[in-house]
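K.L.:
Dropping a prediction and its sequence here:
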Amino acid sequence: MVTVRSESNLKNATMNHDPFAWGRPDDNVYGKYNQSIAQAKNNELDAFPKMHTQQPIITGTSVLGIKYKNGIIMAADNIGSYGSLLRFSNIERIIKVGSETVVGVSGDISDFQQLERILEELVISEENYDNQGENNLRAPHVHEYLTRVLYNRRNKMNPLWNSIIVGGFDNDKTPFLKYIDLLGVTYGSSTLATGFGSYLAIPLLRKLIPDDKDYSNIEEEDAKKVIQECMRVLFYRDARSGEKFTLVTVNDEGVKFEKDVEVTGQSWEFAKNLVGYGSKQL
Amino acid sequence: MNSTVASEYSSEIHTTPIEHRFNPYSDNGGTVLGIAGKDFAVLAGDTRQVEGYSINSRYEQKIFNVGDDIVMTANGFAADGSALIDRFRNQLKWYKFDHNNKKLSVASSARYIRHLLYSKRFFPYYVSTLIAGLDDEGKGCVYSFDPVGSYEREQCRAGGAAASLIMPFLDNQVNFKNQYQPGSDGTEKKPLRYLELDEVLELVKDAFSSATERHIQVGDGLEIFIVTKEGVRTEYYPLKRD
């Protein structure tokens, strides 16, 4: 719209009459106001606060980990949820890092993919060093590295929204299993689980290994059996979980991935007796 | 040219997002305690780590021998605790490297830790920090810090989740507060004296088993670091796991 300036208007032409810039010098006469002067507030640009922090968007649910006498076992399903929508069913959330370490990630999937790239870079830079000898990249190194990455991101108030379990071998060749989360908090135990698993799976896992040091008496089959039981319980009660999962075993023979393992031994017998919300029994 | 916006407020931005701010802190429970004796000092802590009502681990070390016969702990938010101890340990390494392996005194360590803490005054390390060792005269010493670096040397101090349960017990049993000479009818205070190591260890065990009974974040195990002129040694006692 072109405004024709009349003589009477010209007297006021030095003031901006736009309701949102009322009383400001007229841009037509003085040019656009330089917002950068003395950090003057620009309503148009500053209406939204600077956003760092997000919330997880596509998420992966629990990761489980357990030590046994020859190594560790880790499990995670393949679902990527978008809120309550089961959006993806082909997400592989356990990755191999180096030759004898696995990393299982729950939480935001895009942050997980960022971590995948960071770890790939780490592996490439560590390949320059001794990989055949005693000083290859091992689980405690990967764990320490991830701890620093996550803690530094939380210090910037821009976290990587994940809970991570690192499994493999310690420097003295004993099984290694440790946890890291988006705050940089870490801990180790013979039985670990992220997310819902910490409520549903940990009690079952601790029933097999009540005392942390007793993992050295546990056979691989027994550990596997209890992990599968946990995945079944999680499938029953965690609405964001899936029926298919990946089971990873790390022992002195190397890293073994079993993909598309199904939750077995389900029983929905009780379901036919449920009425309404389940409080009433027929 | 400069067109005037319609004077309704339809174009006003009123969709200020509801801020769901990321909380950079959490509380990982646990409790710690330091007591200084005549020629020794102890730093003790439980080994449980929690988050909310869940037990993360029944054994997670939180007291460390940082070198030069100084033991250190930072109890509260676990990520900040280990970051602070790592930073101090690293600085101690560089101090020794730069100064021909000179031994760093506990007093100087304490002053340095205050600077580490205060340098994050506006985004603090959320921890109660304790260090223990022997001073220049060989006497036991304990230094305690608040999250932003206020510190003092004390005979004893409890920190962390059950500090409010343990500290009054220590006031009474270590500094003899509210204790009077028998027969003086409450007029003559019980005179202060240094406690022996075995007395201190009994106090520490009683303090932690009592805290375990009354505080849900305390339990699983008790790890005690003892500093004498012979060096640093540790003892471990199981605590209730419920």
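P.N.:
Everything's here; your move.

K.L.:
A:I73 and A:L137, how far apart?
P.N.:
A:I73 sits 21 Å away from A:L137, going by Cβ to Cβ, to the nearest Å. (Each C-beta comes from the backbone N, C-alpha and C, glycine too.)

K.L.:
Kindly report the same for A:G71.
P.N.:
17 Å.

K.L.:
closest point of chain B to chain A, which residue?
P.N.:
Among all residues of chain B, B:A79 sits closest to chain A, at 3.6 Å; criterion: Cβ to the nearest Cβ.

K.L.:
ok, now how distant is the closest residue to that residue other than its chain neighbours from A:H143?
P.N.:
Spatial nearest neighbour of B:A79, excluding adjacent residues (Cβ to Cβ, 6 or more residues apart in numbering or on different chains): A:G184 at 3.6 Å. Applying Cβ to Cβ, the value for A:G184 to A:H143 is 12 Å.

K.L.:
repeat for B:S128
P.N.:
26 Å.

K.L.:
Please identify which of those two sits among more neighbours.
P.N.:
Using other Cβ atoms under 10 Å in any protein chain shown as the criterion, B:S128 and A:H143 rank with A:H143 on top: 25 against 22.

K.L.:
Assign that one to helix, strand or coil.
P.N.:
Three-state call for A:H143 (DSSP: H, G, I helix; E, B strand; the rest coil): helix.

K.L.:
and A:I73 and A:L137? which has more neighbours close in?
P.N.:
A:I73 (26 against 23).

K.L.:
Could you list the low-confidence segments of chain B?
P.N.:
For chain B, the stretches with pLDDT under 70 are B:1-20.

K.L.:
now the strands: where do they sit in it?
P.N.:
B:31-36, B:41-46, B:49-51, B:54-57, B:63-67, B:70-76, B:127-134, B:140-145, B:151-154, B:156-160, B:221-228, B:231-238 (DSSP state E).

K.L.:
Tabulate the ones you listed in a markdown table, adding columns for distance to A:G167.
P.N.:
Shown next, in a markdown table, are the strands of chain B (distance: least, Cβ to Cβ, whole Å):
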| stretch | distance to A:G167 |
| --- | --- |
| strand B:31-36 | 30 |
| strand B:41-46 | 26 |
| strand B:49-51 | 19 |
| strand B:54-57 | 15 |
| strand B:63-67 | 25 |
| strand B:70-76 | 27 |
| strand B:127-134 | 29 |
| strand B:140-145 | 36 |
| strand B:151-154 | 40 |
| strand B:156-160 | 30 |
| strand B:221-228 | 24 |
| strand B:231-238 | 26 |
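
K.L.:
Please enumerate residues in contact with stretch B:188-200?
P.N.:
B:35, B:37-38, B:40, B:42, B:174-176, B:179-181, B:203, B:226, B:228 (Cβ atoms under 8 Å, 6 or more residues apart in numbering or on different chains).

K.L.:
wait, B:A158 sits on B:F208?
P.N.:
No: the criterion here is Cβ atoms under 8 Å, and B:A158 misses it with B:F208 at 10.0 Å.

K.L.:
Quickly list what's touching both of those two.
P.N.:
B:T31, B:L33, B:I166.

K.L.:
neighbour-wise, which of the residues you listed leads?
P.N.:
B:L33 (31 neighbours).

K.L.:
so what's that one bridging to?
P.N.:
B:A44, B:A158 (DSSP bridges).

K.L.:
show me the contacts for it.
P.N.:
Per Cβ under 8 Å, 6+ apart, neighbours of B:L33: B:43-45, B:130, B:156-159, B:166, B:170, B:204, B:207-208.

K.L.:
B:Y95 too?
P.N.:
B:K102, B:L104.

K.L.:
Can you name the residue of the stretch 101-250 of chain A nearest to chain B?
P.N.:
Counting by Cβ to the nearest Cβ, the stretch 101-250 of chain A gets nearest to chain B through A:G184 (3.6 Å).

K.L.:
Name the helix or strand for that residue, please.
P.N.:
If you go by DSSP states H and E, A:G184 is not part of any helix or strand.
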